[in-house]
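J.: Sequence first, then the predicted structure, then my questions.
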Amino acid sequence: MGMYVNSIIPYEAYREIVSDTYFVDKSLLIEELIPALKRKNKYFCITRPRRFGKSVMASMVGAYFEKGVDSRELFDNLAIAESKDYLVHLNKHNVIFIDFSRTSRECSDYGQYIERIQDGINGELVSIYKDIEIRRDDAVWDVLQKIFIKTGDKFIFVMDEWDAVFHMLFISKDEQKKYLLFLKNLLKDQVYVKFAYMTGVLPITQYSSGSELNMFLEYNMVRKKKFSEYFGFSEKEVDKLYEIYKRETDDPRITREDL
């Protein structure tokens, strides 16, 4: 169990959220993603401003699908547990989870940045698939293709902060294009992709004007409102959170109207 492949990190991140006093159950997002496991349209990009819970949802998706940990204790009491396919897919899939906002220590160029990701994934795949000859310095998509050919194994990709590269001062415009090509090679038309779930702040079209990532179904908060109920809080949810605040606070100073 490592940082990328069937990692415990999404589970632990979501466990902390579920345990929080102000937790709001958004787990039915998973029910809407499950059909993608059998469809050609299996690439989702959900973009929202910061503080809308994108990373929380990415952690939830990873924690539910991945084989690396038994997460039934997190989901048994949530809305998704009522779904007919709940146990069919709970912890049944290989998940590669990438937080693109993370960098190596003293990272100063794109080569270091992207090698950390590729070397990290490849190293973990070497440990998991010991009977397959894998070279750590191969392109990660070549490694995943080899694994699929030998075993038939497919992978769910959960990617948080996909656009972080475009805010890193040490990455040039040309390197940003290399990054788009990296994502294309990793995901587009690859038989080992079971489905891909990606989040970011700004839309793909702002960065990719070509065909690199045109396989993604992109959902923002203005034009495509599908999934909107899973990000941010509705008025009813705010009311519930305010009731928790009043119950948990000895001398509440904020009114519902102020909030």
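T.: Looks like it arrived, so ask away.

J.: Now do the helices in the stretch 101-250 of the chain.
T.: According to DSSP state H, counting those that start in this stretch, the stretch 101-250 of the chain carries its helices in the segments 110-128, 140-151, 173-187, 235-248.

J.: Out of the ones you listed, which is closest to residue 84?
T.: When these are ranked by distance to residue 84, counting by CB to CB, first place goes to helix 235-248 at 25.3 Å. The way it works is simple: take the backbone N, C-alpha and C, and place the C-beta from them, glycine included.

J.: Average pLDDT for that closest one, rounded please.
T.: Confidence over helix 235-248 (mean pLDDT, whole number) is 90.

J.: Relative to residue 214, how far out is residue 81?
T.: Between residue 81 and residue 214 the computed distance is 36 Å (CB to CB, to the nearest Å).

J.: on that earlier part again, I'd like to know which of the helices of the stretch 101-250 of the chain is closest to residue 47.
T.: Each of the helices of the stretch 101-250 of the chain was scored for nearness to residue 47 using CB to CB, and the closest is helix 173-187 (14.9 Å).

J.: in that closest one, what's buried?
T.: 175, 176, 179, 180, 182, 183, 184, 186, 187 (16 or more other CB atoms under 10 Å).

J.: Stretch 42-54 now?
T.: With the criterion 16+ other CB under 10 Å, stretch 42-54 contains buried residues 42, 43, 44, 45, 46, 47, 48, 52, 53, 54.

J.: can you check stretch 204-220 too?
T.: If you call a residue buried by 16+ other CB under 10 Å, then stretch 204-220 has these buried ones: 204, 207, 208, 212, 213, 215, 216, 218, 219, 220.

J.: Export these as TSV, with columns for pLDDT.
T.: Supplementary listing: the buried residues of stretch 204-220 in TSV, determined by pLDDT from 0 to 100:
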residue	pLDDT
204	84
207	74
208	71
212	84
213	88
215	91
216	90
218	87
219	84
220	82
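
J.: Straight-line length of stretch 244-259, end to end?
T.: Between the opening and closing residues of stretch 244-259 lies a distance of 13 Å (CA to CA, to the nearest Å).

J.: all strands for the protein, in order.
T.: With DSSP state E applied, the chain shows strands at 43-47, 94-99, 155-160, 193-200, 217-219, listed in chain order.

J.: Need those strands in a markdown table (columns: distance to residue 9).
T.: Output for the strands of the chain, formatted as a markdown table (distance: least, CB to CB, whole Å):
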| stretch | distance to residue 9 |
| --- | --- |
| strand 43-47 | 20 |
| strand 94-99 | 7 |
| strand 155-160 | 11 |
| strand 193-200 | 15 |
| strand 217-219 | 24 |
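
J.: And the helices of the stretch 101-250 of the chain: which comes nearest residue 17?
T.: Nearest to residue 17 among the helices of the stretch 101-250 of the chain is helix 235-248; the distance by CB to CB comes to 13.7 Å.

J.: Can you tell me what sits against that closest one?
T.: Helix 235-248 is contacted from outside by 21, 22, 24, 233, 252, 254, 256, 259, using CB atoms under 8 Å, 6 or more residues apart in numbering.

J.: and if you look at stretch 172-184?
T.: For stretch 172-184, contacts defined as CB under 8 Å, 6+ apart pick out 109, 110, 114, 162, 165, 166, 171, 207, 208, 210, 212, 213.

J.: Appreciated, that's everything.
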